[in-house]
Structures are given as C-alpha cells and as structure tokens.
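Asker: Fold the following and give me the result.
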Amino acid sequence: MMLELKDINVFIKASHILQNVNIEVGEKEVVCLIGRNGAGKTTTLRSIMGFLKPESGSIKFMGKEITEFFPHEIALLGIGFAPEESEIFADLTTLENIEIATWTRKTSRSAEERVRLAYSVFPPLERYKARKGTQISGGERKMLSIARALAMDPHMLLLDESFEGLSPAIIPQIAESIHEIAKMGHSILLAESNIYHVPDFTDRLYVIERGEIIFSGKPEGLMKDKAVLKIVAGAT
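Answerer: The predicted structure is shown next:
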C-alpha cells in the first residue's frame, strides 16, 4: 500500500474536523476524495503532508509511519503536493518555479530530465517559461503548481481542487495532464468538491461529509448509492 490513513482524528482549536478517517491509496492508483466545501478534504491532505497533526490515528507512506513527520520530511520521502490556492512563487518565472523542486529532492533523474518531463505533461508552460507567476492565468497557475510537484519526482501526488474555479475549456486539458502523470506510474490522491469533475480514469472514490468517510468504493458504486449521491451532487 502506498498510503494508508487509519482512524485519523484532527482537531482545529475546539472543532473536531476529521473523525476516524480511513483512506488507502495503492501503488499506481488514482483515488478521488469527494466532499462539499468544508467537509474536510483539505484538512485530510494537509494532515498527510504534516501541516496538521492528528490527535490520534496513523498515517503510513510506503509502510513507514509519518504521522509525526514535518512537511519537508514528508516531501523528501516522495509525496508531491499541489495545494488548492496553487501557492506558486509569484516573483519567480515559470521555469524557476519548476526548477526549485529539483533542488529540494534528489533522485536518479537529473534536474534537466525532470524539467523536461514537467513541460511534456504541461506543454503550455514551456511557452511561458520566462513569465513570472503574476503574468500567467489561473489555469496556468494550477498547471504550474502540479508541474512543480511532479518535478520533485515523487512516488505520489496530492492534488487539492485542481479544477476549482477554472473555465470549462481548460478543465479537460488539466484532466488529461493528470492522466498522463498517472500513466507514468505515480499514485494520485485528488480532492474535489464537484463530483462532475472526477476524472473518468479514477480507480476508487471516497466521499467525506462533516469530517467522516460516508462512502468508499468504485465510481460506479457511488452512482448507485442515491443517499450519498444526493449529498455530493444534489441528486434526487
């Protein structure tokens, strides 16, 4: 198992945000965590990355307990994170944003190869490699955030709301790029609030509501669960 969360409980001040959350992501698997805004998706990803410390429970990555690790230690183990707000370096160029990732984690791939790989997945970024973060669109910033995480040469990617706030025209482009990353053999955990943005290459789904996992299974299983579908899609 690439990633395993077992009975995770997370509090923020007095609020019990995650309640006994259990999630698994296998090798080369694409798993989507679905939930409405405020359901606990981002808290889950930030807990995996070590930005939030669970009150109880276990988080294992490639069999190693990482619950008490700091974010930089988790990144160095091989988890790339593209946060919801992109969080690129606005004063750096597109190329410099990608190159930074190659400095932080050394692998068998050269820095040049990793930059080429990022551009091959997101071709529009190569055209804008000299532009600063303030000079590219919101969709391009999303691309850059994922490309930077990919340039770390990780075993796994955590992608938070990769399609949120984007125009319908650019969503398929980013979905196809994520598919290309999956085909390279990377495990992916993708958090999404819009069920209609779930990529069709998703292997398994989890649905989170008020900090609890209320569904886990294949995408087709969710389509048959009217009660859960009503929560995430407003279906009747």
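Asker: pLDDT value on the closest residue to His72 other than its chain neighbours, please?
Answerer: In space, and not counting its chain neighbours, His72 is closest to Thr104: 7.9 Å by CB to CB, 6 or more residues apart in numbering. Just so you know, the C-beta spots here come from the backbone N, C-alpha and C atoms, and that holds for glycine as well. On pLDDT, Thr104 comes in at 85.
Asker: Then the one 3 residues further on?
Answerer: Reading off the confidence values, Thr107 has pLDDT 89.
Asker: start at 22 instead
Answerer: Taking 22 as the first residue, the last one we looked at is Thr128.
Asker: Spell out the secondary structure type for it.
Answerer: Of the three states, Thr128 takes coil according to DSSP: H, G, I helix; E, B strand; the rest coil.
Asker: Mind listing residues that contact stretch 226-246?
Answerer: Residues outside stretch 226-246 that contact it (CB atoms under 8 Å, 6 or more residues apart in numbering) are 31, 37-44, 52-57, 60-62, 64-65, 216, 219, 223-225, 249-250, 252-253.
Asker: Just the buried residues out of the residues you listed, in PyMOL syntax.
Answerer: Selecting only the buried entries of the contacts of stretch 226-246 in PyMOL, with 16 or more other CB atoms under 10 Å as the criterion:
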select buried, resi 31+38+39+40+42+44+52+53+54+55+56+57+60+61+62+64+65+216+219+223+224+225+249+250+252+253
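Asker: Filter the contacts of stretch 226-246 down to the ones in strands?
Answerer: Among the contacts of stretch 226-246, the ones falling in strands (DSSP state E) are 31, 37-44, 52-55, 225.
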